[in-house]
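A.B. asks: When you get a sec, could you give me coordinates for this:
(one chain, ligands or ions: 1)
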Amino acid sequence: MDYLTITQSPILSGEVAISGAKNAALPLLALTLLSKEDVRISNLPNVADVKTLSKLLEHLGAHIEMLDSHTLNINCANIIHTKALYDIVRKMRASILVLGPLLARFRKCQVSLPGGCAIGARPVDLHLKAMEKMGAHIHIEGGYIIANAPNGLQGADILFDKISVTGSENVIMAAALAKGKTRIINAAKEPEVVQLCEILTHNGIEIEGIGSNEISIYGSDGELPVFKPFSVIPDRIEAGTYLCAGAITNSRITLRDTDSTHLQAVLEKLEEIGFSFEITESSITILPAQKRNAFEIITTEYPGFPTDMQAQFMALATQCEGVSVIEERLFENRFMHVSELQRLGADIKLSGNIAKVSGVKPLIGANVMATDLRASSALVLAALIAKGSTDIHRIYHLDRGYEDLESKLKRLGVNLTRQGE
Ligand code: UD1
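C.D. replies: Modelled structure (predicted):
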């Protein structure tokens, strides 16, 4: 297993290019199961999660040709079976995204239950209930979701009692081939969900209410779509993480190939702390703050403050004057970075799902352990300002979602090395 050694890097400078969004790429890869024709996807991030889902699709019989490191052609004409195996699904919970498309096209599938996850229970009950409402028979056997819809899926009203991103995406993909209209009430509004809907509408599936909490999808009754080439939207969480790298070191850095409209909650919070920005259509420059003020965050669904940025802002809070209050509303147990940040000297008090961070606290390098994807990026941020050097272990978590993290950070002036344990 590799670990990263980061030496204190007080001032960063320069530009960083933002990759395609992992959380958009995953449903878009699953979407290709709906077509028999070639689909070309560009701006795919070169990260482990995308490779895992590609592997799962290949295992099902998809033919994938990499045209360059960020573009592929995928053909799902010859799917040989519809079982998503435990060995692949256990690596990535988002593998559940093949459930809707497989069931819609082949009327049956078996998907390993994603199982427990480091950031809480994260069940898939909403996905299953929705498929049942659309006419599927589902039972669990041997750790697998066994789903059958011998007469095909029927449009239905799906009311989510919790907003689920991948749950909404699964229903949208299933509904695209179903018979009649499917209405999702309390749908997720994340830009990744919007892109999925837009690609479907550009390719003949009628969808109303895109980007709102009520989406209606008019299914094609089994007619398979042909997809024109498309490009994955920029990763708003990767962008937010680099903005935090600028913020925690109080440096001026520029993010290229990004979309500020997807980052409103993050930019507003950084403004509240004391930062300002120069923004163009595809770039954001963060400018140093005179003074960094403590802040309050409550994580919520989009367009609210993203849970995927909570850990990074906690690292930043250690350098803000006063007590910052961070409340995690989406996932229980998403505070595993707290004990690791404390190892670096952070003053954090936890009470249930609320963390209080007292700043300004000088951090000192230590050995720390990455526990999940975004928690790991918080440790990288803290290491930038920790005195001396910090060894971050188990960085395979970072490889799941951050393309080229080392070279991007090096280009900004960070002194780091990756070594084997
Ligand atoms: C997606 C993102 C993840 C992000 C999360 C919340 C992808 C691939 N991943 O995950 O990065 O952190 O949204 O923005 O896009 N829930 C249930 N039952 C279900 C499904 C979800 O109770 O069947 C609960 C979850 O435990 C959680 C909440 O609903 O409390 C939201 O989860 P959800 O939006 O489904 O997260 P993911 O789609 O897995």
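A.B. asks: Excluding sequence neighbours, find me the nearest residue to residue 354.
C.D. replies: residue 327 (4.9 Å; C-beta to C-beta, 6 or more residues apart in numbering). The C-beta positions use only the backbone N, C-alpha and C, and glycine is treated the same way.
A.B. asks: Hmm, that neighbour is touching residue 295, no?
C.D. replies: No. In this structure residue 327 lies outside contact range of residue 295 using C-beta atoms under 8 Å: 11.8 Å.
A.B. asks: Between these two, which has more neighbouring residues?
C.D. replies: residue 295 (20 against 15; other C-beta atoms under 10 Å).
A.B. asks: dump the residue contacts of residue 343.
C.D. replies: 366-368 (C-beta atoms under 8 Å, 6 or more residues apart in numbering).
A.B. asks: between those, which has the most around it?
C.D. replies: Neighbour-wise, those (other C-beta under 10 Å) top out at residue 368, 28 neighbours.
A.B. asks: got the contact list for it?
C.D. replies: Contacts of residue 368 were listed using C-beta under 8 Å, 6+ apart, and they are 340, 343-344, 379, 383, 390-393.
A.B. asks: Now list the buried members of these.
C.D. replies: 340, 343-344, 379, 383, 390-393 (16 or more other C-beta atoms under 10 Å).
A.B. asks: Out of those residues, flag the one nearest to the ligand.
C.D. replies: Here the nearest of the buried ones among the contacts of residue 368 to the ligand, counting by C-beta to the nearest ligand atom, is residue 379; it sits at 17.7 Å.
A.B. asks: Give me the phi and psi for residue 209.
C.D. replies: For residue 209, the backbone dihedrals (degrees, to the nearest 10) come out as phi 80, psi 20.
A.B. asks: picking that back up, from the buried ones among the contacts of residue 368, which are also near the ligand?
C.D. replies: With C-beta under 6 Å from any ligand atom as the criterion, the buried ones among the contacts of residue 368 include none near the ligand.
A.B. asks: what's the most distant pair in the residues you listed?
C.D. replies: Distance extremes for the buried ones among the contacts of residue 368: the farthest pair is 344 and 393 at 13.5 Å, using C-beta to C-beta.
A.B. asks: quick revisit: nearest to the ligand, of the contacts of residue 343?
C.D. replies: Distance to the ligand across those (C-beta to the nearest ligand atom) is lowest for residue 368, with 21.5 Å.
A.B. asks: Just the element for the closest one, please.
C.D. replies: Using DSSP states H and E, residue 368 sits in strand 367-369.
A.B. asks: That strand - what's its average pLDDT?
C.D. replies: Mean pLDDT, computed over strand 367-369, is 95.
A.B. asks: Downstream of it, the next helix or strand is which one?
C.D. replies: Per DSSP H and E, the first helix or strand lying C-terminal to strand 367-369 is helix 373-385.
A.B. asks: what packs against the helix or strand following that following helix?
C.D. replies: Counting by DSSP H and E, the next helix or strand C-terminal to helix 373-385 is strand 389-393. Under the contact criterion of 3 or more C-beta pairs under 8 Å, 6 or more residues apart in numbering; DSSP states H and E, strand 389-393 touches strand 2-7, strand 367-369, helix 373-385.
A.B. asks: Let's see the longest one as PDB, backbone CA atoms only.
C.D. replies: The C-alpha trace of helix 373-385 is given here as PDB (Å, rounded to 0.1, in the frame of the first residue of the first chain):
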ATOM      1  CA  LEU A 373     -12.300   9.500   0.000                       C
ATOM      2  CA  ARG A 374     -13.100  13.000   1.200                       C
ATOM      3  CA  ALA A 375     -11.700  12.400   4.700                       C
ATOM      4  CA  SER A 376      -8.400  11.700   3.000                       C
ATOM      5  CA  SER A 377      -8.400  15.000   1.100                       C
ATOM      6  CA  ALA A 378      -8.900  16.800   4.400                       C
ATOM      7  CA  LEU A 379      -5.700  15.200   5.700                       C
ATOM      8  CA  VAL A 380      -3.800  16.300   2.500                       C
ATOM      9  CA  LEU A 381      -5.100  19.900   3.100                       C
ATOM     10  CA  ALA A 382      -4.000  19.800   6.800                       C
ATOM     11  CA  ALA A 383      -0.600  18.400   5.800                       C
ATOM     12  CA  LEU A 384       0.000  21.500   3.600                       C
ATOM     13  CA  ILE A 385       0.200  23.700   6.600                       C
END
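A.B. asks: Tell me the buried residues in stretch 74-93?
C.D. replies: 74-76, 79, 82, 84-86, 88-93.
A.B. asks: need the contact list for the residue of the chain positioned farthest from its centre.
C.D. replies: Most distant residue from the mean C-alpha position of the chain: residue 151, 33.8 Å away (C-alpha atoms, centre = their mean). Residues near residue 151 by C-beta under 8 Å, 6+ apart: 107, 135.
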